[in-house]
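> 3D model of this:
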Amino acid sequence: MTPQIDFYWDIGSTNTYFALHLIRPIATHYGARIVPHPFNLGHVFRQHSYVLMQEPRAKLHHRRVDLHRWAVRHQLPFRMPDEFPIKTSRALRGALAMRRFDQEWPYLEAIFRAYWERNDASIADYAGLRPIVTRLGIDADAFEQLSESVAIRAELIAETDAGLARGAFGVPTSSWADARKRSAVDARRCLGRDQRTGLALGRRDRRESTGTASSSWIAAVDELLSRNLVEDATFAALKRHFNDAQIVELFFLVGTHRMHGMPVRAPHLEFDADTTARMQEAPASEEATMKNDLAQMAGATARK
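Alright, predicted model coming up:
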């Protein structure tokens with residue numbers, strides 16, 4: 001039986017851009033079939049009264065820096081669009097329409113390239129989507145008419161509700177339809193799962209993931225965050241890939257992150273107006289900050 005990966009996505013998700021690229025080699029390696037599911041993230045956010053751009057300035061800044069680190073690491077031409085966020089429902093419904101024409105995945109790749117690489121926010125409307133589907137050999141009028149149909153609208157609602165029923169509350173979320181746990185472990189490693197995306201793995205899966213350098217430190221971080229210790233098998237895996245100083249550095253990095261994060265996160269603290277005003281008095285150049293962070297990261301890698 002061919003393994004199946006259910007892949008929930010929204011064009012407005014930064015992390016989905018990277019997942020779209022990184023999930024394909026995983027599927028190819030395991031002979032799996034990717035089944036994309038449009039997931040109306042805006043609807044889900046509204047249901048939970050969540051507004052992305054109302055998060056603390058510091059968090060938004062570091063998220064942007066982290067995204068550019070991912071772009072450098074995977075050599076992808078990612079850039080933050082000037083217009084963000086955008087309304088995504090038309091693009092989502094368009095994917096379901098293109099499914100009828102057997103062009104769903106090429107359509108996904110095209111709209112993600114347009115928005116996250118070429119800064120083209122016109123894909124929020126049919127004026128930007130019509131040229132894309134035309135290049136894919138689909139009649140633009142037929143595409144738009146189908147995307148606006150009652151059937152496609154109902155299908156998008158059903159896709160989103162099905163994702164919610166399976167436990168998805170953010171994107172990208174991926175789920176393997178079979179029980180091949182090593183596949184799930186590798187998918188989790190390559191997609192860079194965070195607290196809001198992906199499906200949880202059990203302790204046995206983490207032990208199985210210690211075959212490579214990256215999977216060994218991911219397993220160690222999982223155990224440190226969940227149980228404040230590193231199991232013998234995981235520590236042995238770390239020793240195969242890192243020296244003692246690097247292992248200690250990893251432990252201190254995780255501990256420092258928890259130390260600073262917990263007292264702020266636990267009471268749900270936000271920046272007050274006075275603090276925000278002080279931060280805005282002399283803002284650091286985002287480009288300079290990013291270059292400095294990337295230079296430090298490259299230097300650390302070279303030293304290792």
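> which phi and psi does Val171 have?
phi -130, psi 150 (degrees, to the nearest 10).
> Test my guess that it contacts Phe39.
Yes: with contact defined as C-beta atoms under 8 Å, Val171 and Phe39 form a contacting pair (5.2 Å). No exception for glycine: its C-beta is placed from N, CA and C like everyone else's.
> so what sits against both of these two?
Taking C-beta atoms under 8 Å, 6 or more residues apart in numbering as the criterion, Val171 and Phe39 both touch 8-10.
> What ranges in this structure fall below the confidence cut-off?
177-211, 260-304 (pLDDT under 70).
> Domain boundaries for it, per the record?
As given by automatic domain parsing, the domain ranges for the chain are 4-55+77-200, 273-303.
> quick one: the helices in the stretch 101-250 of the chain?
104-116, 126-135, 140-147, 150-165, 181-191, 203-208, 213-227, 232-241, 244-265 (DSSP state H, counting those that start in this stretch).
> List just the nearest of the shared contacts of Val171 and Phe39 to Gln47.
Proximity of the shared contacts of Val171 and Phe39 to Gln47 (C-beta to C-beta) peaks at Asp10, which lies at 14.2 Å.
> was I right about the closest one contacting Pro38?
Yes: using C-beta under 8 Å, Asp10 makes contact with Pro38 at a distance of 7.0 Å.
> Pull up the overlap in contacts between the two.
Common contact partners of Asp10 and Pro38 (C-beta under 8 Å, 6+ apart): Leu92.
> Comparing those two, which residue is more hemmed in?
Ranked by neighbour count (other C-beta atoms under 10 Å), Asp10 and Pro38 place Pro38 first, with 26 against 23.
> Specify the beta-bridge partners of the more buried one.
Trp9 (DSSP bridges).
> Please give me every residue in contact with it.
Applying C-beta under 8 Å, 6+ apart, we find Pro38 in contact with 8-10, 92-93, 95-96, 156, 159-160.
> switch to 6 Å and redo it
92, 95, 156, 159 (C-beta atoms under 6 Å, 6 or more residues apart in numbering).
> Can you get me a residue count around the residue lying closest to Asp120 once chain neighbours are set aside?
Residue nearest to Asp120 in three dimensions, not counting chain neighbours: Ala114, with 4.2 Å by C-beta to C-beta, 6 or more residues apart in numbering. Applying other C-beta under 10 Å, we find 21 residues neighbouring Ala114.
> thought Ala114 was touching Ser122?
No: using C-beta atoms under 6 Å, Ala114 is not in contact with Ser122, being 7.8 Å away.
> how far away is Arg69 from Phe18?
Separation of Arg69 from Phe18 (C-beta to C-beta, to the nearest Å) stands at 11 Å.
> These two: who's more crowded?
Neighbour comparison, Arg69 and Phe18: the larger count goes to Phe18, with 23 against 14 (by other C-beta under 10 Å).
> Might one say that that one is in contact with Trp70?
Yes: using C-beta under 6 Å, Phe18 is in contact with Trp70, at 5.4 Å.
> Look at Trp70 and say how many residues are nearby.
Counted by other C-beta under 10 Å, the residues lying close to Trp70 total 17.
> And for Arg135?
Neighbour tally, Arg135, other C-beta under 10 Å: 10.
> what does Leu52 give?
Neighbour tally, Leu52, other C-beta under 10 Å: 13.
> Most neighbours out of the contacts of Pro38, which is it?
Most neighbours among the contacts of Pro38, by other C-beta under 10 Å: Leu92, with 26 neighbours.
> which SS class is that one?
Under DSSP: H, G, I helix; E, B strand; the rest coil, the three-state class of Leu92 is helix.
> How about Leu67?
Strictly by three-state DSSP, Leu67 counts as helix.
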